[in-house]
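*Asks:* coords please:
(chains A and B)
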Amino acid sequence: MLMNLFKFKGGVKPPTHKAESVALPIAAAPLSPRLIVPLHQSIGGTPRPVVAVGDNVLKGQLIGEADGWISAAIHAPTSGAVVAIAPYVQPHPSGLDALCVVIEPDGEDRWIERRPFDHAAVSPDEVRRYLQQSGVVGLGGAVFPTHGKLTPARHVAMDEVVINGAECEPFITCDDVLMRERAADILRGCALFRDLLQAKKVLIGIEDNKPEAAAAMRAAVAALGEDFAVVEVPTLYPTGGAKQLIRVLTGKEVPASKRSTELGVQCFNVATAYTAWRAVAHGEPVVSRLVTVAGNVETPRNYDTPIGTPMADLLALAGPLPDTDGIVMGGPMMGFLVPDAKAPVVKASNCLIAHSPRLFPPKAPEMPCIRCTACAQVCPHELQPFELYWFARAHNFGKTQEYALFDCIECGCCAYVCPSRIPLVHYFRFAKSEIWAREREKTAADAARARYEFKQAREERDKAEKAGRLARAAVQSATPAAPSTPLPPRGGGAGGEGEVDRSQAHSSTSPSPRPSPARGEGEHEQPASPQISAEAASPPLLTPAPSSPDPRDCRKSPATPLPPRGGGAGGEGAAASETAAGSSIALATAASRAGVMGNAPFFDEPPPLPNPSPARGEGLQERGSSLLRQPPRGEGVHEQPASPQISAETPVQAGIAPTSDEAAQAAKMSTIQAAMARAAARRAEAAAPPTDEKPT
Amino acid sequence: MNLAPAPFFLQDASVGKVMRQVCLALLPGIAAYVWLIGPAILLQLLIASLAALLAEAVMLRARGKPLGLFLADGSAIVTAWLIALSFPPLAPWWLVATGAVFAIVIAKHLYGGLGQNPFNPAMVAFAACIVAFPALMSQWPHLGLAPGEQFAIILGLAPRLDALTGATPLDALKTGLTLGGDGVDQLLAKREIYGQIAGRGWEWVAAGYLLGGLWLWRRRIIAWQAPLAFIGTLAAIAGILWLHDPVHFANPLFHLFSGSAMLGAFFIVTDPVSGCATPRGRLIFGAGAGLLAYIIRVFGGYPDGIAFAVLLMNLCAPLIDRLCQPSVFGLRDRKKDGA
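*Replies:* Residues are numbered from 1 along each chain as shown, chains lettered A, B, ... in the order given. Presented below is the predicted three-dimensional model:
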């Protein structure tokens, strides 16, 4: 197929190490004695468990229900008994636990009744909902719920669906073997996506180091009689990043602040298309995935692995060599060392690499930046990493955003070439998380200020009433009681009159925001970089964020106060993977450890009150809004949606003097609720433009 | 457990490797220097290197930095070599040593060490020495001194006879023109000073630098923008004035192969730390340095203008970079925000 290809700037060519694991066909991984299925396996809301300990489940049975639109269901990977629903260690650099459903297989691997879904007979919305219920998420590593990417932009016609078979990260071959062995189902999935998006073209991009996969896909295209274009793209890391592949195939550049659908293009991983088709045509939800097991092992190979299989069990199949000292999940460019080999395989686990000092020699010590600009030359987003590094080290986060920090996809090219061995991506994640933390603090401070103002208004009114009563008593007149001063019109303002004293007690202690999540973040980051020389490490990595936010800083930084975003809505493929799988969950979990958990629903509030804030510059629309793309469901694991309960209690009648503590509490909460609503509204203002995904 | 962040493997690159390649690229120039000017330069290189390393070690110790790591990075050697190559070949040993120490201590470590210096250390040393020791910095040898004589002069074992040393070819031309009478062509015809293009012998040293610089560019150690802009601007302004008045202005080739022009083009204006880092910034930086260098060397009071031109442009580099930020993937029209 002759096609005019485009180029993106930068990129690197690391050794691919792919040949080792494609020698053998896909094998089915045996069932482990226990499958640990995390509930939170995608970007967005944490599914709610719908099974209880002791329940018997069938393979494919729903065990976690999607929470909100951007969230995907979780299913039992095999038949057996639920033996625990408890926090377990996660495949995540933080090493933190998250709620998992632990299933002891009965060995029969009995499916639920599998019914094909007649997607042609129902509305597109129902197909999207079905995919959500089937747990279909981006399997390139970003695990963004796929149904959320299947809505075309309102005013832009969809030109292309880009199918990502580039698989640019070294070692990873799961997409390669999938294309070789199961091309037809991938293509049917592509057709499904094309129909849902009403796209004109389907472009399948495969790096030219995978000729077998490309040939298999071409043959399947011909067999199906589709007009899909299978395009071999030059092998260059990170071509497999969604934005890079879109650029190469269509020439379109998707900035961080936009959804790709706004440019009439959307990108899916081949494995995502495959699972979507399995769900639709066979009624099989996503309960397994292909995982490349490679690196320091005897027989690298791809395994069809049930979700929840402990990584150690999977790695054992490939025969790890004796000097293996860790497991890298994902590729060597963007992956991370899993903190515990017992961590389960999740939907984001495209590859496990047995780590050994021989395979990945320890890095030389970090040196000062000499501004050689090698990083800038390889940055696929044409950023100036050395400048970003400089500003991140100096905690000048406003500047980092000016230099488009949030356009960084954390692909690692800069760190790969840096002669000074600076872990640049690490610094960028640090800066991003600091900015998010500060935004959270600012939101909390806004709420506190609102509470304080409300309290003052109440006190004034009280005083006026008291004066009125005294006046009445003095005059001894028969005139009706002086009307009480109305409260200032606060959104949802339902502060009772009688609770003043109690809520005052609360308010007076409240202006300081919650503990800064930044500290927790810092604690994480620190052990992650033991080689950073002492001087280099100390300023950015160890210093806790200031406990009281500097208002100027907040004003300067146009980022929106959201939990970490993933690799972006279009983020499939390797480049996006770590952004999503790594940092986003990292931040969320870090935040949860630091005690912001309770705040998570805070960011969920639908925007009730528009309240334009002068503090936010137009930069927000451009860059900051990218953060908003990810629907801000709390990633927290233990978190229960607190806000509904609160709002249920909200209608406390003004004028009724509550006598119980609960009433006072409720009234106080409602006040806070109002403040939160305003803060949420302000964010929503900024969030307004990208409305690709449905708001929760 | 090793919790190093991704990427888990890195390209084979290091600061030391970069610096070694820069040194390697200087070798053709040095070879021509030894061959045509004399082996004295080898002694100067040695003196400068030792002084720079010693100063580096002392400063690293004082600043509590790991000695081995930073001494091995080779940056002090590069600075030392550039000093030795830009100083007069028969300058007394203590002058070169002073320059090297000054560069390392004042221009580098007092500003924060490797990667932090706003000014090119070698050029700071050159500027400091030419201001402090103008006479010594202007004595250049006549060709044909025996190696033994050269070493003796450097080490102070032989008297510094004015008869043995003269002005640089650039200076000689300027002086000749100031005295009046002869035009450029007559002056350049003096075969004891001038060769085919520029200073006799020196022109080949410059050609050696050109060769090494092109190799560095091929190795992607340096970017093409700054050298090209520097050479282009220097040649352009020299060409314009030469066409306008060939009697009083030397031709562009003379200027390119005289003084430190080639050394500056490929080894000084390309200094990543003190120069510009953006592509357009490098163009401006190189052009500015070329323009200033010409003005200073032709109209100013110093024999060559590279050092001051580079230092002046170093001052402007942060601002230039700020104004020349390249656009970002997907944000092509963002430039106007002044980012």
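*Asks:* quick one: average confidence on stretch B:246-253?
*Replies:* Confidence for stretch B:246-253, expressed as mean pLDDT, is 88.
*Asks:* now do the same end-to-end measure for it.
*Replies:* Distance across stretch B:246-253, first residue to last, is 13 Å (Cα to Cα, to the nearest Å).
*Asks:* Next SSE downstream of the helix or strand of chain B with the lowest mean pLDDT?
*Replies:* Ranked by mean pLDDT, DSSP states H and E, the weakest helix or strand in chain B is strand B:165-166, scoring a mean of 64. Sequence order places helix B:169-179 as the next helix or strand after strand B:165-166, per DSSP states H and E.
*Asks:* Near the residue in the stretch 51-200 of chain B positioned nearest to chain A, how many other residues are there?
*Replies:* For the stretch 51-200 of chain B, the residue closest to chain A is residue B:115, as judged by Cβ to the nearest Cβ, at 3.7 Å. C-betas here are computed from N, CA, C, even on glycine. Neighbours of residue B:115 under the rule other Cβ atoms under 10 Å in any protein chain shown: 21.
*Asks:* how about the residues of the stretch 1-150 of chain A near chain B?
*Replies:* Selection of the stretch 1-150 of chain A residues close to chain B by Cβ under 8 Å from any Cβ of the partner chain yields A:8, A:9, A:12, A:14, A:15, A:93.
*Asks:* ok, which pair from these is furthest apart?
*Replies:* The span of the residues of the stretch 1-150 of chain A next to chain B, defined through Cβ to Cβ, is set by A:9 and A:93 at 29.2 Å.
*Asks:* Look at the nearest residue to residue A:344 once chain neighbours are set aside and say how many residues are nearby.
*Replies:* Distances taken as Cβ to Cβ, 6 or more residues apart in numbering or on different chains put residue A:36 closest to residue A:344, at 4.2 Å, once the chain neighbours are dropped. Neighbour count for residue A:36, taken as other Cβ under 10 Å: 24.
*Asks:* wait, what's in contact with residue A:36?
*Replies:* A:88, A:100, A:101, A:102, A:308, A:310, A:342, A:344 (Cβ atoms under 8 Å, 6 or more residues apart in numbering or on different chains).
*Asks:* so what strands line up beside whatever helix or strand the third one lives in?
*Replies:* Which is residue A:101. For residue A:101, the host element (DSSP H and E) is strand A:97-105. Strand pairing for strand A:97-105, using DSSP bridges, gives strand A:35-38 (antiparallel), strand A:80-89 (antiparallel).
*Asks:* If we go by neighbour counts, what in the longest one is buried?
*Replies:* Buried residues in strand A:80-89, counted by 16 or more other Cβ atoms under 10 Å in any protein chain shown: A:80, A:82, A:85, A:88, A:89.
*Asks:* Tell me the one among the residues you listed nearest to chain B.
*Replies:* Distance to chain B across the buried residues of strand A:80-89 (Cβ to the nearest Cβ) is lowest for residue A:89, with 13.6 Å.
*Asks:* what about residue B:44, distance to chain A?
*Replies:* Using Cβ to the nearest Cβ, to the nearest Å, we find residue B:44 at a distance of 25 Å from chain A.
*Asks:* Could you name the specific helix or strand carrying that residue?
*Replies:* For residue B:44, the host element (DSSP H and E) is helix B:40-63.
*Asks:* Can the helix or strand just after that helix be said to contact chain A?
*Replies:* For helix B:40-63, the succeeding helix or strand toward the C-terminus, using DSSP H and E, is helix B:67-71. Yes: for helix B:67-71, a contact with chain A is found by Cβ under 8 Å from any Cβ, at B:69, B:70.
*Asks:* Dump helix B:67-71 to CSV, restricted to CA.
*Replies:* Extracted in CSV, the C-alpha atoms of helix B:67-71 (Å, rounded to 0.1, in the frame of the first residue of the first chain):
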residue,chain,number,x,y,z
LEU,B,67,36.7,14.3,42.8
GLY,B,68,37.0,11.2,40.6
LEU,B,69,33.6,11.7,38.9
PHE,B,70,34.1,15.3,38.0
LEU,B,71,37.8,15.1,37.1
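*Asks:* which other helices and strands contact that helix?
*Replies:* helix B:40-63 (3 or more Cβ pairs under 8 Å, 6 or more residues apart in numbering or on different chains; DSSP states H and E).
*Asks:* gap between the helix or strand where residue B:209 lies and the chain center?
*Replies:* Using DSSP H and E, residue B:209 falls within helix B:202-218. How far helix B:202-218 lies from its chain's middle: 12 Å, per Cα atoms, centre = their mean, to the nearest Å.
*Asks:* Need the residues that contact it.
*Replies:* B:21-22, B:24-33, B:35-37, B:169, B:195-198, B:222-224, B:227, B:256-258, B:261-263, B:265-267, B:270.
*Asks:* From chain B, how far out is the closest residue to residue A:345 other than its chain neighbours?
*Replies:* Leaving aside its chain neighbours, residue A:345 sits nearest to residue A:309 (4.7 Å; criterion: Cβ to Cβ, 6+ apart). Residue A:309 sits 22 Å away from chain B, going by Cβ to the nearest Cβ.
*Asks:* Could you give the number of residues near residue A:309?
*Replies:* Neighbours of residue A:309 using other Cβ under 10 Å come to 27.
*Asks:* just the one 10 residues further on next, same as before
*Replies:* Number of residues near residue A:319 (other Cβ under 10 Å) recorded here: 15.
*Asks:* can you tell me which residues contact the residue nearest to residue A:283 when sequence neighbours are not counted?
*Replies:* Leaving aside its sequence neighbours, residue A:283 sits nearest to residue A:114 (Cβ to Cβ, 6+ apart; 3.5 Å). Applying Cβ under 8 Å, 6+ apart, we find residue A:114 in contact with A:60, A:282, A:283, A:284.
*Asks:* Quick check on the contacts of residue A:36: which are buried?
*Replies:* A:88, A:100, A:101, A:102, A:308, A:310, A:344.
*Asks:* Tell me if I'm right that the third one and residue A:64 touch.
*Replies:* So that's residue A:101. Yes: using Cβ atoms under 8 Å, residue A:101 and residue A:64 qualify as a contacting pair, with a distance of 6.9 Å.
*Asks:* what's residue A:276 in contact with, if anything?
*Replies:* A:131, A:134, A:136, A:146, A:189, A:192, A:193.
*Asks:* Let's see the pLDDT reported for the third one.
*Replies:* Put plainly, it is residue A:136. 95.
*Asks:* list the contacts for it?
*Replies:* A:72, A:145, A:146, A:147, A:272, A:275, A:276, A:279, A:285, A:286.
*Asks:* before we move on, the earlier item: and which of the residues of the stretch 1-150 of chain A next to chain B is nearest to residue A:217?
*Replies:* Nearest to residue A:217 among the residues of the stretch 1-150 of chain A next to chain B, with distances taken as Cβ to Cβ, is residue A:8, at 22.6 Å.
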